[in-house]
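Participant: What follows is a predicted structure for the sequence shown.
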Protein chains: 2
Amino acid sequence: MKTNNKYLAIYQELSEGIKQGLVKVNETLPSENELAVQYDTSRETIRKALNLLAQNGYIQKVKGKGSIVLDVTKMSFPVSGLVSFKELSQNLGRTSHTAVEKFGLIKPGNFIMQQLNLGAHDEVWEVVRSRKIDGENIILDKDYLNRKHIPFLTKEICEDSIYRYIEEELKLKISFAKKEIVVEECTEEDFNYLDLINFQHIVVVKNHVYLEDTSLFQYTESRHRLDKFRFVDFARRGH
Amino acid sequence: MKTNNKYLAIYQELSEGIKQGLVKVNETLPSENELAVQYDTSRETIRKALNLLAQNGYIQKVKGKGSIVLDVTKMSFPVSGLVSFKELSQNLGRTSHTAVEKFGLIKPGNFIMQQLNLGAHDEVWEVVRSRKIDGENIILDKDYLNRKHIPFLTKEICEDSIYRYIEEELKLKISFAKKEIVVEECTEEDFNYLDLINFQHIVVVKNHVYLEDTSLFQYTESRHRLDKFRFVDFARRGH
DNA sequence: AAGTGGTCTAGACCACGCC
DNA sequence: GCGTGGTCTAGACCACTTA
């Protein structure tokens, strides 16, 4: 990670300190003026860093008092934000394994054409992967990627991490996603590839993923066994 | 809404314009310098407003190009962020009704004591409400509020909106929440108060809600019938 | 009264897209 | 080269908490 950004560097240093418990929960950080001196920068730059901390649940800023450190230990991050399975499983440190169940270039059906705003002659990569955690197949990821943006793809890449390939090799910038979580009835496919025990329903996380230039390049369904699904989030009220 | 804030006023004006389609999707907003002149303010203030728009999925900023307007029409907001049922149902314009099934001051059991970090002599308000939408009881909200922060409460307030009472009458500022979404097996209580048809599982949204001074004052479980649950979110990648 | 965070300003330089 | 957004600065005034 190369950053020429002072405020990002400060954010990372402070957030690391909080995660590692160097600052005690419910105590305040040094004041903005003190931090500006410590980091040899202006107050506005410090404030950018602190605002990032506040957005991500590390601190609560209180006028007249200071920036109070929040308890961040409870916040494991299973599905929140926009991270790939590989990043997730690394964070959690679980034994996990990915199997590519389907891989190929297809003419999309109506549903996928609609999800990706495709024309009649567009092609998409279809990738279906099952995720095994602690010995059980629990997650089925179905990815559809517009060939316009991803001209080349291999099974090997899918076994590793598609996002890593897209960002590091293709140098495309993944920017944002619209996420939807719903519960659906299990399909044949779910039964085939997952260890479903007796569950009749499955949690589906649907993602429309966009690049930096706002073009839609991927539609994903991440299908999770009911009992293993967990989503955590930090939410601020208002604006 | 009284705001002495220029940047908030600008944010609201621009977001209204986008929601109402006054600016076309995929076109750019006026440049930051132009907006600074239009609103008779500095560029940094404009940038604060635009950053809010970007965070909330209204625009995508692209260096060298401008601020591209995103398609915001698909984003209905069922459970996202931190909003009360009353605010939600008003937004969605559905016919809905709230019934208070349980109401009282209790000595909390172990589970609630843990969730709210309570001592042996603390008391909490327990409120259980069912939510009827389009003729079916679909959501069961179980609220536990620390009496330290909410000394007085009535059944009538719960039939209207607890949050409205807390914010407008008590003038407390609800600041942030840690949210968790999981699926659990239905309980007796779920069967009693909800129209569950044949479902054996239920989606549970657990919230720990904090005030501005970082004190935890409420634990809530919002229990949704599987087929009626939907959560949408807008997520940006990285930092 | 002193210290805190919240807002706002007017300017500067940079990296990037486009013509 | 010009216009765009991204970062940074040094200063100002305000609202709020605490002593």
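Facilitator: Perfect, thanks for sending it.

Participant: In the helix or strand encompassing residue A:158, which residues are buried?
Facilitator: Using DSSP states H and E, residue A:158 maps to helix A:155-160. Neighbour-count burial for helix A:155-160 flags A:157, A:158 (criterion: 16 or more other C-beta atoms under 10 Å in any protein chain shown). The way it works is simple: take the backbone N, C-alpha and C, and place the C-beta from them, glycine included.

Participant: Write out the residues of chain A neighbouring DNA strand C.
Facilitator: Residues of chain A that fall close to DNA strand C, judged by C-beta under 7 Å from any atom of the strand: A:28-29, A:31-34, A:43-44, A:47, A:50, A:61-67.

Participant: Pull out the buried members of the residues you listed.
Facilitator: For these, a neighbour count by 16+ other C-beta under 10 Å gives the buried set as A:28, A:29, A:32, A:50, A:61, A:66, A:67.

Participant: Among these, which ones are in helices?
Facilitator: A:32, A:50 (DSSP state H).

Participant: with the buried ones among the residues of chain A next to DNA strand C in mind, which one is nearest to residue A:7?
Facilitator: When those are ranked by distance to residue A:7 (C-beta to C-beta), residue A:50 comes first, at 9.1 Å.

Participant: So what's the residue count around the closest residue to residue A:30 other than its chain neighbours?
Facilitator: Using C-beta to C-beta, 6 or more residues apart in numbering or on different chains and skipping the chain neighbours, the partner closest in space to residue A:30 is residue A:38 (6.8 Å). Residues within reach of residue A:38, counting by other C-beta atoms under 10 Å in any protein chain shown, total 11.

Participant: Look up how far chain B lies from residue A:38.
Facilitator: Using C-beta to the nearest C-beta, to the nearest Å, residue A:38 is found at 22 Å from chain B.

Participant: now residue A:157
Facilitator: 19 Å.

Participant: Residue A:168 is in contact with that residue, correct?
Facilitator: No. Using C-beta atoms under 8 Å, residue A:157 makes no contact with residue A:168, being 10.9 Å away.

Participant: Now the residue of chain A found nearest DNA strand D. Its backbone dihedrals?
Facilitator: Nearest residue of chain A to DNA strand D: residue A:64, at 2.5 Å (C-beta to the nearest atom of the strand). Torsion angles at residue A:64 (phi, psi; degrees, to the nearest 10) stand at phi 80, psi -20.

Participant: Following element in sequence after the helix-or-strand element of chain A with minimal mean pLDDT, please.
Facilitator: Every helix and strand in chain A was compared by mean pLDDT, DSSP states H and E; the lowest is helix A:85-92, with a mean of 62. Proceeding N to C from helix A:85-92, the next assigned helix or strand is strand A:96-106, under DSSP H and E.

Participant: strand partners of that next one, parallel vs antiparallel please.
Facilitator: Next to strand A:96-106 in the sheet, as set by DSSP bridges, lie strand A:124-133 (antiparallel).
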